[in-house]
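Participant: coords below, sequence missing:
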């Protein structure tokens, strides 16, 4: 049937060309952004899943930063305690020396006592001076434990408590130690030995916490990689696929334009009937 008012072939060709142009627009958008999903309408459920993963990835990366900060805090504390260990070892040497009554004069004992007392004062000073991000580490603030958020979500399994004892001379039990007399020096040996053991226990505990944080960071980084890969499969464009699709659509656009021109020319054949 030959008709003039309604060009069905032209309408079909025009609609197909419209769809091809829409596909080209989508393909160009994906190629330019590198994303498979640029609008919610591209993949509604995929968008929801990918954004949920993106939130989890952000939480994981922040948790890694928290854990690394925790390691830095622990290393700050351990570095200070290493020096405290050295101070206590020197105090022990002084106490052992001061207990040697047979060879020491009162003046010698007084000199040893003065150095011993100055070292106690230094331990007290350090207990208030060692800080991390302005938080004092050895004044008892961390005795009850301070929480590290080492996971992307809320809950006890995503939290770790860092605990550091109060480590001034009172906490170590050496605040009353003295070398002013031989008997005091003998007692000071035991007091300092106890303090050394206490510091050793605290440092060992800090080392355990630091090693645990290292394992936590390794787990978090593995989760980051795997969840990021899953999100990428949903959200990111496969450039090879998109380039192939773009080429296919370009060919369809060119052929569709040519065919539409032929469809528009088709009604002109009716003019032949008028001759």
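Facilitator: Arrived safely. Just so we're clear, the structure is a prediction, and the values are computed from it rather than from any experiment. Residues are numbered from 1 along each chain as shown.

Participant: Could you use CA atoms for every contact and neighbour count after this?
Facilitator: OK.

Participant: Who are the contact partners of the residue nearest the centre of the chain?
Facilitator: Per CA atoms, centre = their mean, the C-alpha nearest to the average position across the chain is that of residue 64, at 2.0 Å. Shown in contact with residue 64 (CA atoms under 8 Å, 6 or more residues apart in numbering): 150-151, 217, 220-221.

Participant: Which secondary structure element is home to it?
Facilitator: helix 44-98 (DSSP states H and E).

Participant: Pull out the buried residues from stretch 100-111.
Facilitator: Of all the residues in stretch 100-111, those buried under the rule 16 or more other CA atoms under 10 Å are 109-110.

Participant: the domain parsing of the chain - what is it?
Facilitator: Under automatic domain parsing, the residue ranges defining each domain of the chain are 8-34+237-274, 61-235.

Participant: Residue 43 contacts residue 49, correct?
Facilitator: No - Residue 43 is not in contact with residue 49 according to CA atoms under 8 Å; the separation is 10.0 Å.

Participant: Identify the residues contacting residue 182.
Facilitator: By CA under 8 Å, 6+ apart, the residues touching residue 182 are 98-101.

Participant: same thing but 10 Å
Facilitator: Residue 182 is in contact with 95-101, 104, 106, 109, 188, counting by CA atoms under 10 Å, 6 or more residues apart in numbering.

Participant: now residue 52
Facilitator: 46, 231.

Participant: Run a quick neighbour tally on residue 188.
Facilitator: By other CA atoms under 10 Å, 25 other residues sit near residue 188.

Participant: Which residues are in contact with it?
Facilitator: 91-92, 94-96, 98-99, 116, 174, 176-179, 182, 194.

Participant: repeat that for 6 Å
Facilitator: Each residue near residue 188 by CA atoms under 6 Å, 6 or more residues apart in numbering is listed here: residue 177.

Participant: What helix or strand is it located in?
Facilitator: Assigned by DSSP H and E, residue 188 belongs to helix 182-235.

Participant: now residue 165
Facilitator: Using DSSP H and E, residue 165 falls within no helix or strand.

Participant: tell me the SS of the residue nearest to it when sequence neighbours are not counted?
Facilitator: Nearest residue to residue 165, sequence neighbours excluded (CA to CA, 6 or more residues apart in numbering): residue 143, at 4.7 Å. Assigned by DSSP: H, G, I helix; E, B strand; the rest coil, the conformation of residue 143 is coil.

Participant: Got the phi and psi for residue 143?
Facilitator: phi -60, psi -40 (degrees, to the nearest 10).

Participant: pretty sure it contacts residue 162?
Facilitator: No - Residue 143 sits out of contact with residue 162 when judged by CA atoms under 6 Å, with a separation of 8.9 Å.

Participant: So which of those two has more stuff around it?
Facilitator: Under the neighbour definition other CA under 10 Å, residue 143 and residue 162 were set side by side, and residue 162 has more, 20 against 15.

Participant: Would you mind giving me the confidence score for the more buried one?
Facilitator: The model reports residue 162 with a pLDDT of 90.

Participant: For it, name its beta-bridge partners.
Facilitator: Taking DSSP bridges, one obtains residue 146 as the residues bridged to residue 162.

Participant: so where is the stretch 101-250 of the chain shaky, pLDDT-wise?
Facilitator: Regions of the stretch 101-250 of the chain meeting the criterion pLDDT under 70 are absent.

Participant: if we can go back for a sec, nearest to residue 137 among the contacts of residue 64?
Facilitator: residue 150 (19.9 Å; CA to CA).

Participant: how close does the residue nearest to that closest one when sequence neighbours are not counted sit to residue 230?
Facilitator: With CA to CA, 6+ apart as the criterion, residue 150 has its nearest non-adjacent residue at 4.7 Å, and that residue is residue 63. Residue 63 sits 20 Å away from residue 230, going by CA to CA, to the nearest Å.

Participant: Between these two, which has more neighbouring residues?
Facilitator: Neighbours were counted for residue 63 and for residue 230 using other CA under 10 Å; residue 63 has more, 24 against 14.

Participant: any idea how far that one lies from residue 89?
Facilitator: 38 Å.

Participant: a markdown table for the contacts of residue 64, including distance to residue 135 and neighbour count?
Facilitator: Output for those, formatted as a markdown table (distance: CA to CA, whole Å; neighbours: other CA atoms under 10 Å):
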| residue | distance to residue 135 | neighbour count |
| --- | --- | --- |
| 150 | 19 | 28 |
| 151 | 23 | 24 |
| 217 | 23 | 22 |
| 220 | 26 | 23 |
| 221 | 28 | 17 |
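
Participant: I'm done for today, thanks for sticking with me.
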